[in-house]
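> my questions concern the predicted model and sequence given below.
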Amino acid sequence: MVKRRSLGRGLEALLSTETTPNALAPQDGLREVPIDLLERGRYQPRNDMKEESLADLAETIEARGLLQPIVIRPLEVENSQGEEQRYEIIAGERRWRAAQLAGLHTVPAMVRRLSDHEAVAIALIENIQREDLNPLEEALALRRLVDEFDMTHSEAANTVGRSRVSVSNLLRLLELPAPVKEILAQGDLGMGHARALLGLASSDGQIQLAQRIVREEWSVRQTERAVKRYQKAGSEKNLENMGSEKDPNVERLERDIGEKLGASVQIQHGTSGGRLTIRYHSLEELEGIVGHLTRSS
């Protein structure tokens with residue numbers, strides 16, 4: 001039997017910003033730390049910190065101060081005689097960066113004496129619980145939590161306050177091909193879209209459909225219907241040539257408008273708007289369409 005690695009003091013105690021005699025050494029605790037003595041954490045799970053989001057947080061910090069301390073641990077420095085103690089950020093790098101933008105010289109920080117395993121756990125859990133990660137980053141963070149601490153999906157779910165099913169679904173995102181994961185990381189695909197794509201056995205099919213979802217701004221339901229049609233067909237046909245998976249309400253509107261105008265009508269509808277196309281084959285047919293429109297008005 002594989003022995004699970006212990007996290008020592010317990011994650012709940014480690015994540016707490018309250019000082020307790022048993023949890024802290026005499027030199028540890030809540031203190032103001034010069035911002036230039038802090039270094040980026042090795043276990044930061046976030047791959048992308050958007051400048052606009054950081055600027056917004058910096059404005060809030062400038063107006064109200066940094067309300068939640070970051071969590072840090074002392075760095076071991078060789079030949080440190082006469083040098084100031086430096087610290088590694090375990091949780092709160094985004095707040096640290098925003099504080100720099102806000103012009104702060106010090107930040108409130110909770111100093112902890114942590115092993116590497118404890119540092120990994122806190123960095124991952126803090127980001128997951130704060131919902132600061134995109135689905136792919138969260139999946140990668142959970143994978144590290146499961147692998148590096150020999151956790152089951154249920155144990156990881158309990159640790160981060162998620163259901164076992166949601167943890168398992170997130171971890172399945174890592175099975176997607178690299179181009180799809182890149183689209184997911186960029187925020188062009190949502191969790192629902194990605195979960196639907198997992199229903200396709202073909203990596204090429206997943207990539208083709210993901211690109212089409214983004215290009216035509218499909219909803220999750222449209223994606224699910226496309227996947228079902230693909231599964232039902234039972235073939236590796238090119239998804240780029242599949243008929244558009246339109247919402248039934250959009251199809252009904254196409255029929256109604258087409259009957260009203262006596263012409264072929266196509267509606268391309270997405271989350272940010274859409275386009276209405278009316279097809280005609282001659283100037284005479286166009287005049288008829290214009291006549292219908294003017295009479296209706």
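Thanks, I have the structure now.

> for the stretch 101-250 of the chain, what spans make up the helices?
For the stretch 101-250 of the chain, applying DSSP state H, counting those that start in this stretch gives helices covering 116-129, 135-148, 153-160, 164-172, 178-185, 191-197, 203-216, 220-233, 248-261.

> out of those helices, which comes closest to L30?
helix 116-129 (15.8 Å; Cβ to Cβ). For glycine as for every other residue, the C-beta is placed from the backbone atoms N, C-alpha and C.

> elements contacting the closest one?
helix 11-15, strand 70-74, strand 87-91, helix 135-148, helix 153-160 (3 or more Cβ pairs under 8 Å, 6 or more residues apart in numbering; DSSP states H and E).

> ok, and what's touching the second one?
Here strand 70-74 makes contact (Cβ atoms under 8 Å, 6 or more residues apart in numbering) with 15, 17, 33, 38, 85-93, 95-96, 107-114, 119, 122, 126.

> low-scoring stretches of the stretch 101-250 of the chain, by residue?
130-132, 234-246 (pLDDT under 70).

> in JSON lines: the helices of the stretch 101-250 of the chain, plus mean neighbour count.
Listed next are those as JSON lines, based on neighbours: other Cβ atoms under 10 Å:
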{"stretch": "helix 116-129", "mean neighbour count": "21"}
{"stretch": "helix 135-148", "mean neighbour count": "20"}
{"stretch": "helix 153-160", "mean neighbour count": "18"}
{"stretch": "helix 164-172", "mean neighbour count": "17"}
{"stretch": "helix 178-185", "mean neighbour count": "18"}
{"stretch": "helix 191-197", "mean neighbour count": "22"}
{"stretch": "helix 203-216", "mean neighbour count": "19"}
{"stretch": "helix 220-233", "mean neighbour count": "17"}
{"stretch": "helix 248-261", "mean neighbour count": "13"}
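
> adding distance to G273, write those out as CSV.
Shown next, in CSV, are the helices of the stretch 101-250 of the chain (distance: least, Cβ to Cβ, whole Å):
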stretch, distance to G273
helix 116-129, 34
helix 135-148, 25
helix 153-160, 37
helix 164-172, 30
helix 178-185, 21
helix 191-197, 19
helix 203-216, 13
helix 220-233, 16
helix 248-261, 13
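
> partner residues bridging I70?
I70 has these beta-bridge partners by DSSP bridges: A109.

> pLDDT score for it?
On pLDDT, I70 comes in at 93.

> with S296 instead?
So S296 comes in at 65 (pLDDT).

> ChimeraX command for the buried members of the contacts of strand 70-74?
To isolate the buried members of these in ChimeraX, using 16 or more other Cβ atoms under 10 Å:
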select :15,33,38,86,87,88,89,90,91,92,93,95,96,107,108,109,110,111,112,114,119,122,126
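
> still on that earlier bit, closest one to A102 among the helices of the stretch 101-250 of the chain?
Using Cβ to Cβ, the nearest of these to A102 is helix 116-129, at 20.8 Å.

> got the angle for the closest one vs strand 87-91?
40 degrees (axes from the mean of the first three to the mean of the last three Cα atoms, to 10 degrees).

> so which of the helices and strands packed on helix 116-129 is nearest E62?
Closest among these, using Cβ to Cβ: strand 70-74, at 16.8 Å.

> any idea how the chain splits into domains?
11-169, 176-241, 248-296 (automatic domain parsing).

> how far away from the center of its chain is the second one?
When C-alpha coordinates are averaged (Cα atoms, centre = their mean, to the nearest Å), domain 176-241 and its chain have centres 17 Å apart.

> likewise for stretch 54-68?
For stretch 54-68, the distance to the chain centre is 22 Å (Cα atoms, centre = their mean).

> quickly note the distance from the residue most central in space within the chain to I213.
The residue lying closest to the centre of the chain (Cα atoms, centre = their mean) is N134, at 0.9 Å. From N134 across to I213, the span is 16 Å (Cβ to Cβ, to the nearest Å).

> doesn't L54 make contact with R94?
Yes: the criterion here is Cβ atoms under 8 Å, and R94 meets it with L54 at 6.9 Å.

> who's more crowded, the two?
R94 (20 against 17; other Cβ atoms under 10 Å).

> check the more buried one and give its pLDDT.
At R94, pLDDT is 88.

> with N79 instead?
54.

> ends of stretch 212-224, what's the gap?
Terminal residues of stretch 212-224 are spaced 13 Å apart (Cα to Cα, to the nearest Å).

> go on, stretch 122-137?
Terminal-residue distance, stretch 122-137 (Cα to Cα): 15 Å.

> other residues contacting it?
11, 14-15, 41, 43-48, 71, 90-92, 94, 112, 114, 138, 141-142, 144-145, 159-162, 170, 173, 181, 184-185, 187, 190-191, 194.

> alright, that wraps it up for me.
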